[in-house]
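>>> here is my input; please provide its structure:
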Amino acid sequence: MLLRIRSRDGLERLKVDDPQATVAHLKSLIESHLQIPVQTQTLSTNQNLLLAKTRDDLAQFTDMSAPHAPLSSLGIAHGSIVFVHYDGERNVSRPAAFCPAGSFGRKMTMDDLIARQMRVSRQESPHCELVSFDRDAANAFQHYVNETLAFAAKRGGFMYGTVSEEGKVEVDFIYEPPQQGTEENLLFLRDPDEERLVEAIAVGLGMRRVGFIFSQTVSQDKKDYTLSNREVLQAVGYHAESGLKEWVTALVKLEVNEDGGADVHFEAFQMSDMCIRLWKEGWFETEIGEDADPKLSRMKKDVMVGVKDTREVDNDFFLVVVKISDHQGPLSSTFPVENRNVPVTTRALKNHLDRTKSLPFVKRISDFHLLLLLARFLDISADVPALAECVSKQGTVPDGYKLLIESVASSS
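Purely as a prediction, here's the structure:
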C-alpha cells in the first residue's frame, strides 16, 4: 500500500509492501526512506500533532505509540495520511540542477518560469492564532445538521464575530444563507438584500464576518480526503472575497469513536497564502469532471510541488490547521434559524417573547436570528444598527422599539 507521510516539510509518499506491517515497521521505513531517525519520531493519524510545541504536547498523541500494533488495526490503509513530528533537521531531496538551455538541456518557456515561481508547499503557521466558537451558536448548527439532516446533506453558513490584535477569532453567531445541499455539493443561493440586513446587525453588535462553516456528509467520511476539491474551491473563494487574513474555514463532520459510536467533530483551517494567490490569479480549474479525484485540485498550468511540475495538487497542501476553543458569547441561539426547512414567521417571535417574559427586555432580544427577523420591519440605515447596539451594550431598549417589537409579535 502507499501511505502519505505529512511532516513539517510537507507531504511525501511511502510504499509499505508488508500487509501485516506494524508501527515499528513503518518507523523503520520512514528512517530508511525519509532520513528521520526512529528515536526522534512521533507518529499519529491526528493532524494536530504538527502543532505540538513541547514534550507534554507530544505525549497527548498516543494512537500510534504501541510499536507492535498492526497498521490495519489503527484504520491505516492504502492512501491514508500519517502525521510525523520529529526533532532536529534533515536534508529533503531536491531536484537535480536544471540546465536552462544548451545541448544537454531544453529551453525554458515562459510557462516553465511561472511554474517555478508558483511553488506549492505546506504553510506551517496560520494567520489566525486560535478560533473560539460560542457554545450556543456552534451547538445550534451541529444539532440541526445531526438531528434534522442526519449528516445526509451538506449545510453551511457564514460565521460572525471579532478578531483580536493577536489574531484570535471569536465566532459569536452563524448566519445560514438560502442554500441547497446534497451529499457531495453545497450551493449558496445568496440574497443580497438579506445579507445587507445581516451586515447592519453585525455593525451594531461590533462584529464582522470572520469565516465559513460547512458540514460533510456521512458518505464523504468514507473517502480519503480532509476537504474535497469542490470544498477547496468554495472555501478559497469565500476567503479571498473576505480580504481578511485571519479568515477561518470550519468543518463539522461525524467521526466514529473508540466505542464504535459516532461523535460530532469540529475542525478549523485557513486556506494557505499560496492557495489564495492561485485563486486570485485564476490558476484553479473550476470545472470538475465526474471522474476527477476529489483529493486533488487541478490547475490550468503546471505548478511546482516538491521536486516536480504538476497540474494536480493534493488538497492538504492548501490547508493550515487552526487551534479550536469555545466560549460563552453575548448572544443566545434559541430563536428559530433563518432559511431552514420551516420558514420563520412573526408567530415564532410571539412564542419567544412569551417564553422569556421573566428576563429583561434586552436579554429577550439578544439573539441574532431574532434580530434578523425584526430587521425586515426596521430601517436598515438607522434602526437596525441602533437596536443591535442596545443588545451589544446590554442597555435599556427604548420604549419606541419595545412597542414596535411587541406590535410585530402580536400581528401573527
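
>>> can you list the strands that the strand or helix carrying Gln270 pairs with?
In the assignment (DSSP states H and E), Gln270 maps to strand 262-271. With DSSP bridges as the test, strand 262-271 is paired with strand 248-256 (antiparallel), strand 319-321 (antiparallel).

>>> contacts for it?
Strand 262-271 is touched from outside by 126-128, 131, 133, 138, 142, 145-146, 226-227, 232, 235-236, 239, 246-257, 318-324, with contacts defined as C-beta atoms under 8 Å, 6 or more residues apart in numbering. Bear in mind the C-beta positions are built from the backbone N, C-alpha and C, glycine included.

>>> so where do the strands sit in the stretch 301-412 of the chain?
With DSSP state E, counting those that start in this stretch, the ranges of strands along the stretch 301-412 of the chain come out as 308-314, 319-321, 324-327.

>>> mean pLDDT, mean neighbour count and distance to Gln20 added to those, as a markdown table?
What follows is the strands of the stretch 301-412 of the chain, written out as a markdown table (pLDDT from 0 to 100; neighbours: other C-beta atoms under 10 Å; distance: least, C-beta to C-beta, whole Å):
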| stretch | mean pLDDT | mean neighbour count | distance to Gln20 |
| --- | --- | --- | --- |
| strand 308-314 | 91 | 17 | 27 |
| strand 319-321 | 96 | 21 | 32 |
| strand 324-327 | 96 | 14 | 36 |
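
>>> now render those as CSV, adding distance to His78.
Listed next are the strands of the stretch 301-412 of the chain as CSV, based on distance: least, C-beta to C-beta, whole Å:
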stretch, distance to His78
strand 308-314, 15
strand 319-321, 21
strand 324-327, 30
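
>>> looks like Asn48 contacts Ile324 (just checking).
No: Asn48 is beyond contact range of Ile324, at 9.3 Å (criterion: C-beta atoms under 8 Å).

>>> in terms of contact, does Arg364 touch His352 like I think?
Yes: if you go by C-beta under 8 Å, Arg364 and His352 touch, sitting 7.4 Å apart.

>>> return the distance of stretch 130-146 from the chain's centre.
Distance, stretch centre to chain centre, for stretch 130-146: 13 Å (C-alpha atoms, centre = their mean, to the nearest Å).

>>> buried ones in that stretch?
130-134, 136-138, 140-142, 144-146 (16 or more other C-beta atoms under 10 Å).

>>> likewise stretch 150-167?
Going by neighbour count (16+ other C-beta under 10 Å), the buried part of stretch 150-167 is 151, 153-163.

>>> distance of Ile201 from Ser366?
Noted for Ile201: a distance of 12 Å to Ser366, by C-beta to C-beta, to the nearest Å.

>>> quick one: the helices in this structure?
Taking DSSP state H as the criterion, the chain carries its helices at 23-34, 55-59, 110-117, 135-143, 192-205, 229-242, 273-280, 346-355, 361-364, 368-375, 383-393, 399-410.

>>> so the fourth one versus strand 262-271, what angle?
Counting by axes from the mean of the first three to the mean of the last three C-alpha atoms, to 10 degrees, helix 135-143 points 110 degrees away from the direction of strand 262-271.

>>> alright, I will stop here.
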